[in-house]
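A.B. asks: model the structure of this input:
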Amino acid sequence: MKILVIGSGGREHTLVWKLKQCATVSRLYCAPGNPGIAALGECVPIQVDQIKALRDFALEKQVDLTVVGPEVPLTLGIVDEFRQVGLQIIGPDAKAAQLEGSKSYAKDFMVKYGIPTGRYEKAHTMEEALYLLQDFSLPVVIKADGLAAGKGVLICQTPDEARQAVVDILVNQVFGEAGSHLVIEEFLEGIETSVLCFVDGETILPMASSQDHKRIGDGDTGPNTGGMGTYSPNRVYTNAMARQVKEKILIPTLRGIQQEKMDFRGILFVGLMITHEGPKVLEYNVRFGDPETQVVMPRLKTDLCKVFSQMLNRNLSRLQLEWKPEVAVCAVLASGGYPGDYATGIPISGLEEVAEDILVFHAGTGMKEEQLVTAGGRVLNVTALAPTVDEAREKVYNAVERITFEGKTYRRDIGLT
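C.D. replies: Numbering: from 1, shown residues only. This next block holds a predicted model:
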């Protein structure tokens, strides 16, 4: 079987690594890929938003299955485009992709189908937003409505911060078209949990839980990022909590997908806040999380190709996922200055000194004159499995110390909160 993975980050490196283990896979392509992925498959110089070029490549190479990593091609309708020409692809159609592509659409969906979430309001102008803000307590969450690479969520502690957030999004357009309008949400207190689910339109099959650490600094300080590290399973996500989430959130979400006549054969990411009132949905994503995938996939014992096959045939109900008992921890190594401005092209060294049982997934790397260099904000994802969180953390941070590049930034508290 020939498989094409779309994307170039740590999530895609993890997926390629996992798919490489499938007995049925004969050829792996990744568009555009990265140097880490190049060691496992063939990287193809097509960008993730070049939908027709990706479609034509899949047809030319007679690709049997395409797996979409990032959200952008999904919102651009790549699934619809591929299925129209008979290509098998993992992901939701363009209609379902709005659950991630528009935060206001997602919040309206949650309310319509009785899914617990925080109170919210939508605003299209600065005047409207400032008026609506008066009804919210501080801190308050202000989000650009569209896709902003995980950075369009601002948690404001003061009235001045809230006003500046509104100005930045709607007037200064710091998130571009994603900020054509915004969503104001009540701030939910609790512990975040990420639950990735396989969905075939008839069954929703949750994976092992994880917890992302989104802020740049230790102790959840500083601005939001695309994610600075994860661990799995999340210690607060008990069996009792999982049953509650399934009943109150996952099943109603599936019902909504069916009622809205979405063709959702792909991955649903449910970002939860476990509050004193119970679990509430912070957001939906419609693809594998990053860096959640980097701890969930290494723990999955079930053949991923088999899961995808059952998903496409709407047979997930016949499948029971198996998981390794070990805990997985992942620390993200980022460029200095991230999530703001940062330099690229900085040489990376020390990977050869990392222990063999450590998984290092490339996120933002490139090659310059045969030297591995930084090429993004989040550079490398260092993952380890062990019987306990503490043991996994020790393995991860021992490896982190061996990898060096100028400006290297990382959180030291992954798995502690």
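A.B. asks: ok, the closest residue to Ile90 other than its chain neighbours - contacts?
C.D. replies: Closest residue in space to Ile90, ignoring its immediate chain neighbours: Val67 at 4.8 Å, by CB to CB, 6 or more residues apart in numbering. All C-beta atoms are positioned from the backbone trio N, CA, C, and that covers glycine. The contact partners of Val67, taken as CB atoms under 8 Å, 6 or more residues apart in numbering, are Ile3, Leu4, Val5, Ile6, Leu15, Leu19, Ile89, Ile90, Gly91, Phe308.
A.B. asks: Val67 pairs with what?
C.D. replies: Using DSSP bridges, the bridge partners assigned to Val67 are Val5, Ile90.
A.B. asks: skipping its backbone neighbours, what lies nearest the most centrally placed residue in the chain in space?
C.D. replies: What sits nearest the mean C-alpha location of the chain, by CA atoms, centre = their mean, is Gly289, with 2.1 Å. Leaving aside its chain neighbours, Gly289 sits nearest to Phe269 (4.8 Å; criterion: CB to CB, 6+ apart).
A.B. asks: can you check Arg27 too?
C.D. replies: Arg27's closest residue in space is Lys2 (CB to CB, 6+ apart), at 4.4 Å.
A.B. asks: so who does the one you found touch?
C.D. replies: Applying CB under 8 Å, 6+ apart, we find Lys2 in contact with Val25, Ser26, Arg27, Leu28, Tyr29, Lys61, Gln62, Val63, Asp64, Leu65.
A.B. asks: show me where the stretch 251-400 of the chain has its helices.
C.D. replies: Secondary structure of the stretch 251-400 of the chain (DSSP state H, counting those that start in this stretch): helices at 251-259, 293-296, 304-312, 389-402.
A.B. asks: just send those back as a markdown table, with mean pLDDT too.
C.D. replies: Formatted as a markdown table, the helices of the stretch 251-400 of the chain follow (pLDDT from 0 to 100):
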| stretch | mean pLDDT |
| --- | --- |
| helix 251-259 | 98 |
| helix 293-296 | 98 |
| helix 304-312 | 97 |
| helix 389-402 | 98 |
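A.B. asks: winner for burial among these?
C.D. replies: Ranked by mean neighbour count under mean count of other CB atoms under 10 Å, the helices of the stretch 251-400 of the chain are led by helix 293-296, which reaches a mean of 30.
A.B. asks: contact partners of that one?
C.D. replies: Helix 293-296 is contacted from outside by 10-11, 14-15, 196, 207-208, 210, 230-232, 289, 328-330, 359, 361, 381, 383, using CB under 8 Å, 6+ apart.
A.B. asks: pairing-wise in the sheet, spell out the partners of the nearest residue to Thr221 once chain neighbours are set aside.
C.D. replies: Distance criterion CB to CB, 6+ apart; nearest residue to Thr221, sequence neighbours excluded, is Arg215 at 5.8 Å. Note on Arg215: beta-bridge partners by DSSP bridges are Asn224.
A.B. asks: quick one, what contacts Arg215?
C.D. replies: Thr221, Gly222, Pro223, Asn224, Thr225, Met228.
A.B. asks: so which of these comes closest to Gly114?
C.D. replies: Checking the contacts of Arg215 against Gly114 by CB to CB gives Asn224 as the nearest, at 28.2 Å.
A.B. asks: show the contacting residues for the closest one.
C.D. replies: Asn224 neighbours (CB under 8 Å, 6+ apart): Gly150, Lys151, Val153, Leu154, Ile155, Lys214, Arg215, Ile216, Pro339.
A.B. asks: got a winner among these for most neighbours?
C.D. replies: Using other CB atoms under 10 Å as the neighbour criterion, Leu154 leads the contacts of Asn224 with 22 neighbours.
A.B. asks: show me the contacts for that residue.
C.D. replies: Contacts of Leu154 by CB under 8 Å, 6+ apart are Val141, Ile142, Lys143, Glu161, Ala165, Asp168, Ile169, Asn224.
A.B. asks: ok, the second one - how many residues close by?
C.D. replies: It stands for Ile142. 26.
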